[in-house]
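Novice: no letters, just coordinates:
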């Protein structure tokens, strides 16, 4: 609508500056030294919602970091949209790879470079400014609620009890999430599903202390060597996961769905060039898009032990550690897969070492029905502002709270993300294109309009 566009154009610089202020807060949930920053960021989110027109916005404490809940109720008889987002961000390490300060946002080549710019401060803030646009132009067609949490990047450990205890507060007709990506601005897409997650840590212990690798090498088990072999054994020559029972519950995608996925634009040479790779790697018999969308995976996220400092130290380490995650597809249970991972690494340990395994966090896969009212509203909204119908795709990442929301609140979720896979999420030099930020603010009001009309 013309009034929306005029208001957004008039206030676009202010919208951006407000986001930059939010990005300057180092809200790293995983690190205790940032506890005060987490509270500061929650308060900043609360104030931004109130200034945007929310009737009320409150900060709720949890056993971890606080949750911000806000609402704008125009008519209880009208549909209610619940917007979910998170204000916490990943740790910025390794710092030496950033071209600028992770919490000192800069604009370069039409992009915002900062930790959290795309995941997820920039994306949930689009909804805040979209609500402001509708309030200020007197065109809000639905009630709006927000739940912005501070622990998504650590698995949302305290969100389940909060949702269970506040079902009435969060009552809505649909949940709208912008924490996903599009194929491109030229080829818009909607994630119709995200994968689940099972995340564990493995600790291997050999001798009771670090040893001289010359005096003891060749005579005692080296935990790093053994852990490396254990991890390597989890894939066969076709990169198929060898853990017994891992694929038991996997729902195989139909030929029709695989055909639909194949319609998404994909250039393998450009894909490799962007990543600086000469060749790709993955499960035999599946395309790259299928490997990152409809197939489960097992990845090594970190491994350490022994001496890793400057120069040489000939040590045979006492311990070795690894962080390992599995991405899950529909019908797989994070609880069952986590149990299999924990038991498997203990069962394959050779004599001479002891293995300790630990469950870090997990979440379930989620699929959005293509025939749902919410999906149709999102599809129509994107088609209105982009000029073409979005392609339905499966997202490779995980949003662990998705199945929790549906189970506890009894409503469906639609993913309407405006990021890009190339936004360096969880990596140095995270960015969010200004074009995507403004396009999100432009598109979201149309979702409200069409959801109210359908």
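Specialist: On my side now, so go ahead. Predicted model, so just to flag it, every value in this text is computed and none were measured.
Novice: ok, the nearest residue to residue 368 once chain neighbours are set aside - how many residues close by?
Specialist: Of all residues not flanking residue 368 in the chain, residue 192 sits nearest, at 4.9 Å (C-beta to C-beta, 6 or more residues apart in numbering). For every residue, glycine as well, the C-beta is placed using N, CA and C. By other C-beta atoms under 10 Å, the residues close to residue 192 number 22.
Novice: what about residue 192, which SS state?
Specialist: Using DSSP: H, G, I helix; E, B strand; the rest coil, the three-state assignment for residue 192 comes out as strand.
Novice: pretty sure it contacts residue 367?
Specialist: Yes - at 6.4 Å, residue 192 counts as touching residue 367 under the criterion of C-beta atoms under 8 Å.
Novice: so what touches stretch 431-446?
Specialist: Contact with stretch 431-446 is made by 1, 4-5, 8, 12, 15-16, 19, 107, 110-114, 117-118, 122-123, 126-127, 129-130, 133-134, 139, 178, 182, 185, 380-382, 384-386, 416, 418-420, 423-424, as judged by C-beta atoms under 8 Å, 6 or more residues apart in numbering.
Novice: ok, back up a step: so who does the residue nearest to residue 368 touch?
Specialist: With contact taken as C-beta under 8 Å, 6+ apart, residue 192 is in contact with 367, 368, 370, 375, 392, 393, 394, 415.
Novice: helices of the stretch 101-250 of the chain, start to end?
Specialist: With helices called from DSSP state H, counting those that start in this stretch, the stretch 101-250 of the chain shows them at 121-136, 159-165, 213-216, 223-232.
Novice: so which of those is the most surrounded?
Specialist: Across the helices of the stretch 101-250 of the chain, the average number of neighbours (mean count of other C-beta atoms under 10 Å) peaks for helix 121-136, which reaches a mean of 26.
Novice: what average pLDDT does stretch 345-364 get?
Specialist: Taken as a whole, stretch 345-364 has a mean pLDDT of 96.
Novice: could you do stretch 55-62 as well?
Specialist: Regarding stretch 55-62, the rounded mean pLDDT is 98.
Novice: could you do stretch 157-167 as well?
Specialist: Mean predicted confidence for stretch 157-167 is 95.
Novice: how far off centre is it?
Specialist: What separates the centre of stretch 157-167 from the centre of its chain is 19 Å, taken as C-alpha atoms, centre = their mean, to the nearest Å.
Novice: do stretch 171-190 as well
Specialist: With C-alpha atoms, centre = their mean as the basis, stretch 171-190 stands 13 Å off its chain's centre.
Novice: and it, which residues are buried?
Specialist: Across stretch 171-190, burial judged by 16 or more other C-beta atoms under 10 Å covers 172-183, 187-190.
Novice: repeat that for stretch 91-109.
Specialist: For stretch 91-109, the neighbour count (16+ other C-beta under 10 Å) marks 91, 92, 98, 102, 103, 105 as buried.
Novice: how about stretch 295-313?
Specialist: Buried, per 16+ other C-beta under 10 Å, within stretch 295-313: 295, 296, 297, 298, 305, 306.
Novice: need the residues you listed in a markdown table (columns: pLDDT and distance to residue 454).
Specialist: Shown next, in a markdown table, are the buried residues of stretch 295-313 (pLDDT from 0 to 100; distance: C-beta to C-beta, whole Å):
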| residue | pLDDT | distance to residue 454 |
| --- | --- | --- |
| 295 | 96 | 33 |
| 296 | 97 | 34 |
| 297 | 98 | 36 |
| 298 | 98 | 40 |
| 305 | 97 | 56 |
| 306 | 97 | 59 |
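Novice: after the helix or strand bottoming out on mean pLDDT in the chain, next one along is what?
Specialist: In the chain, no helix or strand scores lower on mean pLDDT, DSSP states H and E than helix 255-262, which sits at a mean of 84. Downstream of helix 255-262, the next assigned helix or strand under DSSP states H and E is helix 268-275.
Novice: so what's the gap between that next one and the chain middle?
Specialist: Between the centre of helix 268-275 and the centre of its chain there are 22 Å (C-alpha atoms, centre = their mean).
Novice: show me which residues of it are buried.
Specialist: Buried residues in helix 268-275 (16+ other C-beta under 10 Å): none.
Novice: so what touches that helix?
Specialist: Defining contact as C-beta under 8 Å, 6+ apart, one finds that helix 268-275 is touched by 278, 279, 280, 288, 422.
Novice: on the three-state scheme, the last one is what?
Specialist: The reference is to residue 422. Of the three states, residue 422 takes coil according to three-state DSSP.
Novice: how about it: what's its closest non-neighbour residue?
Specialist: Leaving aside its chain neighbours, residue 422 sits nearest to residue 274 (6.4 Å; criterion: C-beta to C-beta, 6+ apart).
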